[in-house]
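Novice: Just to be clear, the model below is a prediction. Sequence and coordinates:
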Amino acid sequence: MEEIRCERLSFCYPDREEDALREVSFSLSAASFTVLCGRSGCGKSTLLRHLKASMTPYGDRRGEVLYRGTPVDRLDLRTAACAIGFVQQDPDAQLVTDKVWHELAFGLENLGLPTPEIRRRVAEMASFFGIQDWFHRDVYALSGGQKQLLNLAAVMAMQPQVLVLDEPTSQLDPIAASEFLATLAKINRELGTTVFLSEHRLEEAFPLADRVMVMEGGRIAAFDTPQAVSAQLSRAGQAHPMYLGLPAAVRICAGVQPQGPCPVTVREGRLWLDGLFPQGVSRPALPEGDTAPPPPAEPALTLENVWFRYRRGEDEVVRGLSLTVRRGEWYCLLGGNGAGKSTALKLIAGLLKPNRGRVKVADGLALGVLPQNPQALFTELSAEEELFDALADLPGTDRARREGVEEMLALLELTDRRAAHPYDLSGGEQQRLALGKILLRQPQILLLDEPTKGLDPFFKASLAKLLKSLLARGLTLFMVSHDIEFCAEYGDTCALFFDGCIASQDPPRRFFGGNSFYTTSANRMSRHLFAEAVTCQDVITLCAMNLTANSSGPESGAPSSPPPSSFC
Amino acid sequence: MRAPPREGGFARCHPLVTFAYFAALVVTSVFSLHPLLLGLTFCSALLYALLQRGAAALRLALLFLLPAVVLTALINPLFNHRGATVLFYLADNPMTAEAFLYGLATGVLMGGILLWFSCMGPLFRSDKVVYLFGRVSPALSLTLSICLRFVPLLKARFGEVSMGQRCLGRGGQGGPLSRLRVFGRELSILLSWSLEAAIATSDSMEARGYGLKGRTSFHTFRFTRQDGALLGLIGGLFAAACTGIFSGAWEVAFYPKIAVPPASPLFVCSAAAYGALLLLPPLIDWKGERQWKRSAVSD
């Protein structure tokens, strides 16, 4: 049965010339699970908001969205509120009341249900979602993942037929995100609710989906099963704009052998590799020269046996932490949620004082800190003024300031967005603007707290490019992150923060090559064949080397072709 | 984090019972200037506070209440010269024993009532207050709930904003003027951030049908038979205490000479009822504790 039908939907925001949606037509069948993907700004959110009458943006609209044959804006208000549930990005902003139980009941109160009925439905939902343990808590005391689960449960309590989710995991850490997506799969599987989800974490979302919809510039570029979409995108190879966002197995397949069926999960990828090399591989490791020895630079930042706890009588969050960050190095501190990584960063930044031990910054080096939420820095009405504001209390002539701001706008690639209000910028642009504000203060060491949170894969790549160019100028980077793939790809040194100190520390290849769970998908998929292949590009290079070695015979020892230019 | 106050059986009562109890208590205690009743009010308050919070309650009583009691006792004779027993003259003004005792009595009464109020906090958790408001006006109770949600949220955001300003190397140091400027800036960031986030909140409310006709007000409380019985008991004790008040049996004359009326049967009965009312919460808690321990042993 057809649940949602979209007919030639076009939409244009007021004061914009280009349409945000162009003649979008599709239908979702009942109980299906559809993943919507595409770059930021391709019209995903605009499309999703059209499915819910109360959230439809204001502007010029043509075409229609039908729920079971009725246009959504002509549904009666009660049905419209119940039948289609909507979950947004920000876990905090969606919560309305102060108690978990009240949040669950909020929608049902609005429907005017009597107390016994609400009690029953709330009990059901709390049990289904495993919320009973924190049922009486204040919502502010919950973690981000719990908040987002609560938002989902509060919508589900209204028993919607269709669930629409707009990047619900973008603010969550990887573990909470997996949990959220697993719950979503359970809802779809056990309740038969139709799910329409926009998501950047395709690694995890692809295996859950029946159908994948790819959007580009306000149009639907592909709408098919995950395998078919993967195969279609693989044929376009690395040139396709969606490439960076695809699951590792798809990317590796695209880089090695873009014909035939395409693996999607790590498990399928592993089997696919086995099929590719039935006799095993002759060259399991990358050529030596590829792993550069650590640069023998002098230390920029040293921590010596640092201890810290927030209050007396509590457990220490940081317990005897010692580390050294060298000049010009990109240092990544990885670790689980609530492990104290952000606390360590605040200690280095001098925002907190250690109870014991020392934090030493090399003479003459200034620190800059990029906070997790870029909004916490914005005061002005335009991007340009934000940058001028950073210079406001520093010495310098007006002309020097103007030049500095121009240069920074160019570096951030924000020159054509200079007049935009900071809040109107996309997540990635906000991140870059905040970074620019910090950089204008001329730090030599930059501390970053979860800089990739909420960014799509393209913005991540452009952020990495920007940070690399800063490294080339002699900046030192210290980054706290959950993002394994990002650190593996770009970091110079990765360290695992556990139990208040560093559990292991190595260059990315050795670091992730030595782990078996806490590592990249590419590594998990290929570790039975290749040693220390951590990124997709590593695996692609090794596959290519072995394929040529196999075809030219085992003894020929073909000179290893230079690896293709680093792309993924 | 400090351990939350222990929740006794009385804290688990229906909010209407808690509310009725404190209303009855406040109304009757105001009339208890009789030394016996005063002692009852103060001692029971101290007992309950000790049971709730342990030694921390004693600190409040000694550091804050004791000086207040002494102060009222000393100040009253300075302004009030009624009374027959002159102790001495201060700048030609008679200082009388009656005025001193009256000050002492009102001081103790005030201290007792304040202590009782300090015990109310843990009993009136925010959801109980929201529920009670909901009985009067559902819209008001939702507003209250939203406010209770926003206070910690804004506090957390403000912390983040001020951290952000320190990341830019601002705030923390400098004179009062520059600190004030930084504070103003932080406030403005907080405001624009929160307004932006409020759009998502209102979307989320509307998406869940806020604004439909006939909104109800849900709560997690159940009015059990025990609650009914307790409410009846409180009503009975309150009525008995009131007969004492209205018949004048509780009246004590301080001026010109202290005259405590002889203990009539009516006084004895009403005072006993008042005492029972005061000891109700500790008794209920004690009973709950005993039951809990027994059930734990039999497990």
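Specialist: Structure's in. What do you need?

Novice: So, low pLDDT: which residues of chain B?
Specialist: Across chain B, residues meeting the criterion (pLDDT under 70) sit at B:1-8, B:171-173, B:297-299.

Novice: what's the closest non-adjacent residue to B:Gly211?
Specialist: Spatial nearest neighbour of B:Gly211, chain neighbours left out: A:Asn110 (7.5 Å); criterion: Cβ to Cβ, 6 or more residues apart in numbering or on different chains. Quick note: C-beta positions are derived from backbone N, CA and C, even for glycine.

Novice: Spit out the contact partners of B:Arg125.
Specialist: By Cβ atoms under 8 Å, 6 or more residues apart in numbering or on different chains, B:Arg125 lies in contact with B:Ala11.

Novice: What's the separation between it and A:Asp138?
Specialist: In this view, B:Arg125 and A:Asp138 are 10 Å apart by Cβ to Cβ, to the nearest Å.

Novice: what's the answer for B:Glu206, then?
Specialist: 24 Å.

Novice: Repeat that for A:Ala221.
Specialist: 44 Å.

Novice: Could you do B:Ala91 as well?
Specialist: From B:Ala91 to A:Asp138 the distance is 57 Å (Cβ to Cβ).

Novice: Looking at those two, which has the bigger crowd around it?
Specialist: A:Asp138 (17 against 5; other Cβ atoms under 10 Å in any protein chain shown).

Novice: contacting residues for the more buried one?
Specialist: By Cβ under 8 Å, 6+ apart, the neighbours of A:Asp138 are A:98-100, B:126, B:152.

Novice: same deal with A:Gly357?
Specialist: By Cβ under 8 Å, 6+ apart, the residues touching A:Gly357 are A:303-307, A:320-322.

Novice: now do 7 Å
Specialist: Residues near A:Gly357 by Cβ atoms under 7 Å, 6 or more residues apart in numbering or on different chains: A:304-307.

Novice: cool, A:Met158 as well?
Specialist: A:81-82, A:85, A:107-108, B:208.

Novice: Let me know the helix or strand that residue 231 is in.
Specialist: With no chain named, the answer covers chain A. A:Ala231 belongs to helix A:226-236 when assigned by DSSP states H and E.

Novice: that answer is for a different chain, and I need it for chain B
Specialist: helix B:225-246.

Novice: list the buried ones in that helix?
Specialist: B:227, B:230-231, B:234, B:237-238, B:240-242, B:244-245 (16 or more other Cβ atoms under 10 Å in any protein chain shown).

Novice: And these, which is closest to chain A?
Specialist: Taking Cβ to the nearest Cβ as the measure, chain A sits nearest to B:Asp227 out of those, at 15.7 Å.

Novice: So what does the residue nearest to the closest one when sequence neighbours are not counted have for phi and psi?
Specialist: Spatially, and ignoring its direct neighbours in sequence, B:Asp227 is nearest to B:His14 (4.3 Å; Cβ to Cβ, 6+ apart). Torsion angles at B:His14 (phi, psi; degrees, to the nearest 10) stand at phi -60, psi 140.

Novice: what does A:Ala222 give?
Specialist: phi -160, psi 150.

Novice: measure the closest residue in space to it that isn't next to it in sequence to chain B for me?
Specialist: Residue nearest to A:Ala222 in three dimensions, not counting chain neighbours: A:Val214, with 4.2 Å by Cβ to Cβ, 6+ apart. In this view, A:Val214 and chain B are 26 Å apart by Cβ to the nearest Cβ, to the nearest Å.

Novice: Helix, strand, or coil at A:Val214?
Specialist: Following DSSP: H, G, I helix; E, B strand; the rest coil, the label given to A:Val214 is strand.

Novice: Would you enumerate the residues in contact with it?
Specialist: Applying Cβ under 7 Å, 6+ apart, we find A:Val214 in contact with A:37-38, A:221-222, A:229, A:242.

Novice: which one of these is nearest A:Arg311?
Specialist: A:Cys37 (43.8 Å; Cβ to Cβ).

Novice: Surely the closest one and A:Leu197 touch.
Specialist: No. The pair A:Cys37 / A:Leu197 is not scored as a contact, 9.4 Å apart, by Cβ atoms under 7 Å.

Novice: and the two? which has more neighbours close in?
Specialist: Ranked by neighbour count (other Cβ under 10 Å), A:Cys37 and A:Leu197 place A:Cys37 first, with 27 against 24.

Novice: Need the pLDDT of that one.
Specialist: pLDDT recorded at A:Cys37 is 91.

Novice: ok, now which ones touch it?
Specialist: Per Cβ under 7 Å, 6+ apart, neighbours of A:Cys37: A:198-199, A:202, A:212, A:214, A:242, A:245.

Novice: From these, which land in helices?
Specialist: Secondary structure from DSSP state H places A:Leu202 of the contacts of A:Cys37 in helices.

Novice: So A:Asp492 sits against A:Glu329, correct?
Specialist: Yes. Counting by Cβ under 7 Å, A:Asp492 touches A:Glu329, with 4.9 Å between them.

Novice: Mind telling me the two of the contacts of A:Gly357 farthest from one another?
Specialist: The widest separation within those (Cβ to Cβ) is 10.7 Å, between A:Glu304 and A:Trp307.

Novice: What is the nearest of the contacts of A:Asp138 to A:Ala182?
Specialist: Distances from A:Ala182 to these, taken by Cβ to Cβ, are shortest for A:Val100, at 20.3 Å.

Novice: Could you report the neighbour count for that closest one?
Specialist: A:Val100 has 27 nearby residues by other Cβ under 10 Å.

Novice: ok, and the closest non-adjacent residue to A:Gln375?
Specialist: Nearest-residue entry for A:Gln375: B:Trp193, 4.8 Å, with adjacent residues in sequence omitted and distances by Cβ to Cβ, 6+ apart.

Novice: ugh, wrong one, A:Gln161
Specialist: The nearest residue in space to A:Gln161 (Cβ to Cβ, 6+ apart) is A:Ala83, at 5.1 Å.

Novice: All the helices of the stretch 101-250 of chain B, in order from the start?
Specialist: Counting by DSSP state H, counting those that start in this stretch, the stretch 101-250 of chain B has these helices, from start to end: B:126-136, B:138-167, B:176-207, B:225-246.

Novice: which parts of the stretch 1-150 of chain B sit against chain A?
Specialist: B:126-127, B:145-146, B:148-149 (Cβ under 7 Å from any Cβ of the partner chain).

Novice: tell me the phi and psi of residue 55?
Specialist: Reading this off chain A. Phi and psi for A:Met55, reported as degrees, to the nearest 10, are phi -110, psi 0.

Novice: Distance of the closest residue to it other than its chain neighbours relative to A:Gln146?
Specialist: Using Cβ to Cβ, 6+ apart and skipping residues adjacent in sequence, the residue nearest A:Met55 is A:Arg49, 4.6 Å away. Distance from A:Arg49 to A:Gln146, counting by Cβ to Cβ: 26 Å.

Novice: what does A:Glu64 give?
Specialist: 38 Å.

Novice: between those two, who's got more neighbours?
Specialist: Per other Cβ under 10 Å, whichever of A:Glu64 and A:Gln146 has more neighbours is A:Gln146, with 19 against 16.

Novice: Report the separation between the closest residue to the more buried one other than its chain neighbours and chain B.
Specialist: Leaving out its chain neighbours, the residue that sits closest to A:Gln146 by Cβ to Cβ, 6+ apart is A:Trp134, at 6.7 Å. The gap separating A:Trp134 from chain B is 14 Å, by Cβ to the nearest Cβ.

Novice: quick one, phi/psi of A:Trp134?
Specialist: Backbone torsions for A:Trp134, taken as degrees, to the nearest 10, come to phi -120, psi 30.

Novice: Tell me the confidence at it?
Specialist: For A:Trp134, pLDDT reads 91.

Novice: Would you format the contacts of A:Asp138 as TSV with distance to A:Phe26 included?
Specialist: Converted to TSV, those look like this (distance: Cβ to Cβ, whole Å):
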residue	distance to A:Phe26
A:Asp98	40
A:Lys99	39
A:Val100	36
B:Ser126	46
B:Pro152	42
